[in-house]
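Participant: I would like the atomic coordinates for the input below:
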Amino acid sequence: MTLDEALQAGRISVEEALTWFDSLPTVDLAFMTGTWKGSELQTGHPMDGMLGATGWYGKQFLDTERVHPLLFFTEDRAAVFPVDPRKWPSPEIRGPVGPHRAAVETGKFKARLRMTEYRGKLSATMIYDDWPTNDVFRKVDGSTVLGLMDSRGMATPYFFVLRRD
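Facilitator: Model (predicted):
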């Protein structure tokens, strides 16, 4: 199954997503540099639909030490801004994050990029500063990666796709 087929299907199983993830080549740190637009790959995970419904844009990697793990659209969707993962998700914020920009925006980088081993392969991984969470990346093509969020306490990984801006 190709990425486009998986996205058009709307949902694949966790097992299918893991098989696909494991079959993809790894990526190095330099490959991740830039701004990436995200979309969800739904597998029945409890987080499915949450990012899309809240105006998630994607991620930004300036270098290994300067990473914005969460970019969201402004209220008018004319721009994006970085969000502090400690402030979102929040029970006070329902729906799009953009109208709550003043409460969640950060000027600080909230993650780092490192090479880590996951499922037997060494690949670029985003490590959140304030959460026991890693996003591991595998290469779909020259401008697309499949991301897998692995977090302490999460029964299954959460999958997403990033396309280079």
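Participant: contacts, neighbours, all on C-alpha from now
Facilitator: Noted.
Participant: Regarding the chain, what is its longest helix?
Facilitator: With secondary structure taken from DSSP state H, the chain has its longest helix at helix 14-23.
Participant: for this protein, which spans come out with low pLDDT?
Facilitator: 1, 3 (pLDDT under 70).
Participant: Show me where it has its strands.
Facilitator: With DSSP state E as the criterion, the chain has strands at 34-40, 56-61, 67-73, 80-82, 111-118, 121-128, 133-141, 144-151, 158-164.
Participant: What helices and strands are in contact with the third one?
Facilitator: In this structure, strand 67-73 packs against strand 56-61, strand 80-82, strand 111-118, with contacts taken as 3 or more C-alpha pairs under 8 Å, 6 or more residues apart in numbering; DSSP states H and E.
Participant: do the same with the second one
Facilitator: The elements that strand 56-61 packs onto, with contact taken as 3+ C-alpha pairs under 8 Å, 6+ apart, are strand 34-40, strand 67-73.
Participant: most packed of these?
Facilitator: Of all the helices and strands packed on strand 56-61, strand 67-73 has the most neighbours on average by mean count of other C-alpha atoms under 10 Å, namely a mean of 23.
Participant: quick one, that strand and strand 56-61 angle?
Facilitator: 150 degrees (axes from the mean of the first three to the mean of the last three C-alpha atoms, to 10 degrees).
Participant: CA-only coordinates of strand 67-73 in PDB, if you can.
Facilitator: Taking C-alpha atoms only, strand 67-73 is exported to PDB below (Å, rounded to 0.1, in the frame of the first residue of the first chain):
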ATOM      1  CA  VAL A  67      13.100  22.300  17.000                       C
ATOM      2  CA  HIS A  68       9.500  23.500  17.100                       C
ATOM      3  CA  PRO A  69       7.500  20.200  17.700                       C
ATOM      4  CA  LEU A  70       4.100  21.800  17.200                       C
ATOM      5  CA  LEU A  71       3.200  24.400  14.600                       C
ATOM      6  CA  PHE A  72      -0.500  25.500  14.400                       C
ATOM      7  CA  PHE A  73      -2.300  27.800  12.000                       C
END
